[in-house]
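K.L.:
structure for this input, please:
(2 chains)
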Amino acid sequence: MSVFGKDKAAMRKFSASVPLPEFGESSFNEPKPLNLAKVAIVTTAALYREGGDGFELGDSDYHYETLPRHARDLTLGHHSVNFDRGGFAADINVVYPIDRLEELAEDDFIGGVAEKHYAFAGNQSPTVSEIRLDTGPLCAKEMLKEGVDVVLLTGT
Amino acid sequence: MREVAERTKVPRALHTDFPVGLSLGKPRDKQFQYEVLQAAFDLLEEPEGPVIREFPVSISSTGGEPLVCSLPPRMNTELHPAVDEAQGLKAAYDRAYQRNRRTSVGMKISAEQVPEALERFVRIVEGERWDEVGFPARSMYGTVHDIRTYYEELACELAEGPIGPWATEEWFYDGTEAGQIILKARRAMRDSDADQSIWFGLAPAGRE
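P.N.:
Got it, this is the predicted structure:
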């Protein structure tokens, strides 16, 4: 038997079976030029700062963590046994490319790096109603308050 | 997962055929990470959506270079090799922590508790019941998470060359005494009366 996390066909079958609500249409905006845009990262790697409470095991922790721009003492709260955690152990940027953003800002490729970034757990409820109606809008409001123009979404 | 992005009508998505856990593709490879970010930011030029673009480079989950990572010699032959090994690797774990100032060990146990936790798995392999070796209720999954993370973090400190997809996982379960004793304990629990929910998650699905 192949190891599940390495088997792309099995992963595709699994993703096709994930229950999802129907979305009639999606929002689509044209952002300001990238070299003028402030960029934030939102990740579903369930990152949190060392010593924090982190994320509960299971499918019922819908909160998000706020990650200050300077924070690198990050713990991977995605606890599943079925993915490669070695990449994050070697380099947080492979999941959370905060250092790359800083370098792109220094080169004026992007306008700036947000002071706050955000982490959710990827294992949301089947209706994703919590993130759609509660934590998602709250997080978006935080980013609008800070003047974020572009959001880079990353998972694990 | 491209299928999920399509079904949820994500406004702009870059589909990357990379192993799970590697969103930017290659750890410690700045140039490759820049290329992925450039491709993602290029989507901002799209006049309408939803749009999904394919990143032109794929990375396989299998067939990569194995991790080249030395293990310590036996220091205390009175200890089980897995326990001795974990103790012998503590200095490397500490160096990794000092360098990176971060760790994902701590879901259930600390780095200092790793040898003691392995001793409990040795006792399971030697025939003791899993619920009589001192694991608090529902703590075994998190304990193995921490043991594996301890090894994977120190491996990234000791390894020579790049860290390929799944290389630390394969090194841990196939190449270390700790990984082997956990797999043996998992089989012992499977073959006894232990509920599947107790032992199944101690290794990736599909591992024996």
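K.L.:
residue B:174: neighbour count?
P.N.:
Residue B:174 has 13 neighbours, counted by other C-beta atoms under 10 Å in any protein chain shown. C-beta coordinates here come from the backbone N, C-alpha and C atoms, glycine included.
K.L.:
equivalent analysis for the one 4 residues further on, please.
P.N.:
Residue B:178 has 27 neighbouring residues, counting by other C-beta under 10 Å.
K.L.:
for it, which residues are in contact?
P.N.:
When contacts are counted by C-beta atoms under 8 Å, 6 or more residues apart in numbering or on different chains, residue B:178 touches B:82, B:85-86, B:114, B:118, B:147, B:151, B:172.
K.L.:
what ranges do the helices span in chain A?
P.N.:
Under the criterion DSSP state H, chain A contains helices at A:8-17, A:86-90, A:98-106, A:129-130, A:136-146.
K.L.:
of all those helices, which one is nearest residue B:108?
P.N.:
helix A:86-90 (17.8 Å; C-beta to C-beta).
K.L.:
so where do the strands sit in chain B?
P.N.:
When secondary structure is read from DSSP state E, chain B shows strands at B:12-15, B:51-54.
K.L.:
closest to residue B:129 out of these?
P.N.:
strand B:12-15 (47.4 Å).
K.L.:
hang on, the earlier thing: most tightly surrounded among the strands of chain B?
P.N.:
Of all those, strand B:12-15 has the most neighbours on average by mean count of other C-beta atoms under 10 Å in any protein chain shown, namely a mean of 20.
K.L.:
which strands or helices does it pack on?
P.N.:
Here strand B:12-15 touches helix B:2-7, helix B:30-42, strand B:51-54, going by 3 or more C-beta pairs under 8 Å, 6 or more residues apart in numbering or on different chains; DSSP states H and E.
K.L.:
can you lay out those as JSON lines showing mean pLDDT?
P.N.:
As requested, the helices and strands packed on strand B:12-15 are exported to JSON lines (pLDDT from 0 to 100):
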{"stretch": "helix B:2-7", "mean pLDDT": "84"}
{"stretch": "helix B:30-42", "mean pLDDT": "98"}
{"stretch": "strand B:51-54", "mean pLDDT": "96"}
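K.L.:
the ones you listed into a markdown table, with extra columns for distance to residue B:199?
P.N.:
Compiled in a markdown table, those are given as follows (distance: least, C-beta to C-beta, whole Å):
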| stretch | distance to residue B:199 |
| --- | --- |
| helix B:2-7 | 30 |
| helix B:30-42 | 37 |
| strand B:51-54 | 39 |
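K.L.:
hmm, stretch A:75-87 touching chain B?
P.N.:
Yes. Legend: contact between stretch A:75-87 and chain B by C-beta under 8 Å from any C-beta of the partner chain is shown at A:75-76, A:79, A:81-87.
K.L.:
which residues touch residue 34?
P.N.:
Answering for chain A, as no chain was given. Residue A:34 touches A:109-111, A:150, B:41, B:44, counting by C-beta under 8 Å, 6+ apart.
K.L.:
actually it's chain B I care about, not the one you picked
P.N.:
Contacts for residue B:34 (C-beta under 8 Å, 6+ apart) come out as A:100, A:104.
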